[in-house]
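S.K.: generate a structure from the sequence data that follows.
(2 chains)
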Amino acid sequence: MAESDPRTVTGLLQAWREGDRGALDSLLPLVYERLRRMARARLRSERPGHTLQTTALVHEAYLRLVGAEIPWKDRVHFYGAAAQAMRRILVDHARARSATRRGGGAARLPLEAALDVAAAAPEQLLRLDEALKSLERHDARKSRLVELHYFGGLTLEELALATETPPRTIEREMRLARAWLRREAASAHGHGS
Amino acid sequence: MAMDPERWRRIERLYYAAADLGAEEARRFLERACADDPALAREVEELLRHDAQGGRSWGDAVAGVAGLVLGGAAEIGPGQAIGRYRILESIGRGGMGEVFKAEQIEPIRRIIALKVIKPGMDTRAVVARFESERQAVALMDHPGIAKVFDAGATDGGRPYFTMEYVPGVPITRYCDEARLPIQARLDLFLQVCEGVQHAHQKGIIHRDIKPSNVLVGDVDGRPCPKIIDFGIAKATAARLTGLGTVTELGQVVGTPEYMSPEQASMADAVVDTRTDVYSLGILLYELLVGALPFDRRTLISSGLSSLQHTIRTVDPLRPSARLIALGPAGARAAGDRGTEPGLLARRLRGDLDWITLKAMEKDPDGRYASPAGLAADLRSHLLHRPVVAGPPGPAYRAKKFVLRHRFGAVAALLISAAIVAGTAGTAAGLMRARLAERQALSEAATSRQVSRFMVDLFRVPDPSVSRGREVTVREVLDRGAGRIEALEEQPEVKARLMATMGEVYANLGLLDAARPLLEDSLALRRTLRPAAPAEVAEGLRLLASLEVDSGRDGRAADLLRESLDLRRASDGEESRQVAILLSDLAHALFKQDRLDEAEPLYRRSIATLERLPEPGSADLADAIGGLAQLLHVKGDFAEAETLFRRSLAERRAAWGDDHPGVAESQHNLAAVLHDRLRLDEAEALYRQSLALSEKVQGGEHPDLSTTLSSLARLLVDKGDLAGAEPLLARALAIDLRLYGENDENVAYDLKELGNLQRRRGLLAEAEASFRRSVAAYREAGAASSPYLAVALNGLGGTLIETGRAREAEPLLRESLGITKGSLPEGHWLVQTSMSLLGECLGALRRHAEGERLVVEALEGFQSSLGAGDPRTQAALERVVRFYRSWGRPDQAALWAGRQGTARP
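M.R.: Residues are numbered from 1 along each chain as shown, chains lettered A, B, ... in the order given. Next up is the predicted model:
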């Protein structure tokens, strides 16, 4: 398969920024595919990492797909797309993982990996995803801020820059969003399984 | 469950208000605030509890799962086995990866260095590239080169290399810690050159020579340098545009300072042994001065494209000059070399300056062909023999400048009103400055896009296809243009890419290649549905700027007018877009000499920009500067001065005192003051502009040469001919270096110099300068340029003065032909050529033939310039001389008497 042409990505980003919603639909599969391929490659490397951040991966995807300096505004859009793609990848994986565990696959995990899974139960991520969807229904902006922060790796300062909002405002918005998500996830947990 | 939006907004407000209160206080506050709705108070309280609860954050969950999914850069630690090696300890971390001290057991027991490349590279490709060089690498056997043994992949799939373990420190650190004097540093450096030379003879280029790759340790009490990583850089193919060197958000890491221009260029340019010579030059520079030619922080903070630009085009300071410029750091550097700054600078001046700069020439052809050549010249220096290197020669030719200046020069001539008898007016220099400024501004704006696109473009081709063959920028562009065709189903993207490509071509001066792209892009944009007037307006503007560059100002004006109509409809009359377009249109009309049409447009543009909430100093300063120049040309010096002062102030406010734009404005203001005959004020400003240019643009910049010649003309007007000549000579030297001999800028300088020499009575020198000027104009393809006519007139006049009218006649006839063909009827330059030819014929005793010419020219001068103009005076004197030499003193007296001003 031919590499996705970086010019396409740059052009799509610009189009998206200029208000073409359709551009995002064309952009997402490209970013998703690239992130997934990189993720698969990582899967073959030494040990499950202690230090991996989604940030690093998104930055790398950015470089591979865009590969040049582009205006900050466009970059933010890229991170937005990457954050969404990253969320899908992780959620897909968490789903597969929790399915495997129910099927008794946990025994095949090496010790460290098993510990990691215990520390970061995929169920928790799935609950976050559900809660985010629910938040999105009445406050899309906050849902998007959370996505950019957790899945896209943008810091609060970068979020402030990206949304042209004072950092203090971002901070308290994130605080409320987090509190709401925790409550939502906790109650889902309580009522669910 | 969807929530009532009104309710959610209330929750938000209450939450923010209560968030920073203590728990009890918050409860009381909520009770009061939600007296009507206790459930609401409970909900907010619940949220506050979840906030305070904290606990393991979602970030951990995401990172945990991500870590599981994605693996990640695993740590490699002591005791771990990699292939046949066992890790002992980490001994360094660099841009490319981490280096370990490791132990090999089989087949021999030894300590080695093992370098693990950081994640992100294609391991198989890296190892394969190394394998392809392996035999050559194995052939290297030199005490100055650390042997590379092996390459492989870790279990985790990261490439690694093993090599001879070298206990030592980077050469620069070693030298400073040992406080080695220059002589000892040169001795070490010569050994490094030998090592690199050896590798080159085995066919291996290092590609990444820098202090951390040249380690020095003591062997038998003597310092011994060893170069590490030979054969690795190529395998890992770390290039500026490669993934390895660009990380987060476009930050550049690694070592761009040592990168040669051909490596920094985004093209897959040929890297050969001279690439290493360049890096050796930088290393030598650092060993001598204690600092790099370009400051690392400025290089990196300025971003990728400008970094590449710096490496490719900015000439470094001479080592001795850099040392002085370092100030206190220079004093420290001198201390590290066991000497004083003044003494060190003197030690470096001359040979060592030249040798270093020759090794670092931008153009590989200008460098030493090999490390051995560099070493030989250093040895000559140490032995007090003459060195091959001299003051550096032409480094690059700014083709773009040539293309734009050719047009600018003619335009300037058409509107200028002051070249006669060696005294050139300021308008030409002014226009040159203006053009340079425009170009600088537009280039700053486009270069970002250009580099973005170029980077993308250069990432497309498969390196294995272009391997070993130079891929020119043009070729890659053409390939890119071809690729655009495939984007049929995305017309917006296609149109935008074609526009960008067109801009790139135009920027490179490839106007013919740019035109179809810009035309097609515009045509495509016109067909977009839903209609995209902003895109069309932008397309029109791009094409217009191409037409301005091509000298088709008429079409440019038409395009701009259409763009204006669209912008007016979409953005409104009072918008920045409209104001900028008005100023562009004014500029196009100005260039067509349609001053009366241009002036009101400039004024409207300025008025609109001033009314905008954020005037945007740069656009405003640009429009004000444009109007000021127009008024200057028109002769309205008073208002021009006022406006130039405003433009200068705007620029200072926008950019600070140390900016090339400020130097430009100072120059232009000085030029007006010059014309207002406030010579001392003008001189002071020219000198300020000169000092600023030297400071911010370095010793060789087109603006600097413009200011030098302007100042020279001022000194001529003050009668200081001797003071003017060295300035002109320096301007000439700069332009020669920038453009080479056969260039219009150089030809112009030579002509000015010739005029000056002629006025000083140095007729032989003047003749030589004029001849060079004429030749340069012809070679530059300016056979019909009015400027060539001016140079021919100068040469012809000099020949007549030295009794060689026969030689002068064909030259003056050519001049007259050129002026008649390219200038409007009645232009003073046509009359000058005519008058001179008449004089020439008189000197050849063909008075009957020449009479009509001298008299007609004089009448032309009188009607176009008036009796008081010095050119009219010169023509009148010529007529009087003419009749005298004809033996008709009555006629001579008649003319002399009629004017009453002619000297006998």
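
S.K.: from now on I want contacts and neighbour counts done on CA atoms only, so please keep to that.
M.R.: Fine.

S.K.: looks like residue B:286 contacts residue B:294 (just checking).
M.R.: No: the pair residue B:286 and residue B:294 fails to qualify as a contact (C-alpha atoms under 8 Å) at a distance of 10.5 Å.

S.K.: report how many residues lie close to residue 85.
M.R.: Picked chain A for this. Residues contacting residue A:85 under the criterion other C-alpha atoms under 10 Å in any protein chain shown number 24.

S.K.: ah, no, chain B please
M.R.: The number of residues near residue B:85, taken as other C-alpha under 10 Å, comes to 22.

S.K.: and what of residue A:130?
M.R.: Residue A:130: 17 neighbours (other C-alpha under 10 Å).

S.K.: does it lie in a helix or a strand, and which?
M.R.: helix A:122-138 (DSSP states H and E).

S.K.: elements contacting that helix?
M.R.: helix A:72-102, helix A:140-150, helix A:167-191, helix B:58-70 (3 or more C-alpha pairs under 8 Å, 6 or more residues apart in numbering or on different chains; DSSP states H and E).

S.K.: for residue 106, report the pLDDT, please.
M.R.: The chain I'm using is chain A. Each residue has a pLDDT score; the one for residue A:106 is 33.

S.K.: try again with chain B
M.R.: Confidence score, pLDDT, at residue B:106: 77.

S.K.: I figured it hits residue B:83, correct?
M.R.: No: under the criterion of C-alpha under 8 Å, residue B:106 makes no contact with residue B:83, lying 10.6 Å away.

S.K.: which residues in chain B form strands?
M.R.: Counting by DSSP state E, one finds strands in chain B at the ranges B:81-82, B:85-93, B:97-104, B:110-117, B:148-153, B:159-164, B:169-170, B:214-219, B:222-227.

S.K.: quick check: bridge partners of the nearest residue to residue B:143 once chain neighbours are set aside?
M.R.: Leaving out its chain neighbours, the residue that sits closest to residue B:143 by C-alpha to C-alpha, 6 or more residues apart in numbering or on different chains is residue B:226, at 7.1 Å. Assessed by DSSP bridges, residue B:226 has beta-bridge partners residue B:215.

S.K.: contacts only, for residue B:226.
M.R.: Residues near residue B:226 by C-alpha atoms under 8 Å, 6 or more residues apart in numbering or on different chains: B:143-146, B:166, B:192, B:195, B:214-216.

S.K.: can we see that at 10 Å?
M.R.: B:142-147, B:166-171, B:191-192, B:195, B:213-217 (C-alpha atoms under 10 Å, 6 or more residues apart in numbering or on different chains).

S.K.: buried subset of those?
M.R.: B:144-147, B:166, B:168-171, B:191-192, B:195, B:213-217 (16 or more other C-alpha atoms under 10 Å in any protein chain shown).

S.K.: what angle do the helix holding residue A:130 and helix A:167-191 make?
M.R.: 120 degrees (axes from the mean of the first three to the mean of the last three C-alpha atoms, to 10 degrees).

S.K.: for the nearest residue to residue A:128 once chain neighbours are set aside, give its distance to chain B.
M.R.: Nearest residue to residue A:128 in three dimensions, chain neighbours excluded: residue A:185, at 6.5 Å (C-alpha to C-alpha, 6+ apart). According to C-alpha to the nearest C-alpha, to the nearest Å, residue A:185 stands 11 Å off from chain B.

S.K.: gap between residue A:185 and residue B:5?
M.R.: The gap separating residue A:185 from residue B:5 is 21 Å, by C-alpha to C-alpha, to the nearest Å.

S.K.: these two - which one has more neighbours?
M.R.: When neighbours are counted by other C-alpha under 10 Å, residue A:185 and residue B:5 differ, and residue A:185 comes out ahead with 21 against 12.

S.K.: the more buried one touches residue A:131, doesn't it?
M.R.: Yes: between residue A:185 and residue A:131 there is a contact under C-alpha atoms under 10 Å: 5.9 Å.

S.K.: dump the strands of chain B to JSON lines, plus distance to residue B:726.
M.R.: Listed next are the strands of chain B as JSON lines, based on distance: least, C-alpha to C-alpha, whole Å:
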{"stretch": "strand B:81-82", "distance to residue B:726": "68"}
{"stretch": "strand B:85-93", "distance to residue B:726": "53"}
{"stretch": "strand B:97-104", "distance to residue B:726": "54"}
{"stretch": "strand B:110-117", "distance to residue B:726": "56"}
{"stretch": "strand B:148-153", "distance to residue B:726": "56"}
{"stretch": "strand B:159-164", "distance to residue B:726": "58"}
{"stretch": "strand B:169-170", "distance to residue B:726": "46"}
{"stretch": "strand B:214-219", "distance to residue B:726": "45"}
{"stretch": "strand B:222-227", "distance to residue B:726": "47"}
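
S.K.: rank those by mean pLDDT and give me the bottom one.
M.R.: strand B:148-153 (a mean of 77).

S.K.: which parts of that strand are buried?
M.R.: Going by neighbour count (16+ other C-alpha under 10 Å), the buried part of strand B:148-153 is B:148, B:151-153.

S.K.: what's the closest of those to residue B:645?
M.R.: Distance to residue B:645 across those (C-alpha to C-alpha) is lowest for residue B:148, with 64.5 Å.

S.K.: which residues are common contacts for residue A:185 and residue A:131?
M.R.: Residues within reach of residue A:185 and of residue A:131 at once, by C-alpha under 10 Å, 6+ apart, are residue A:125.
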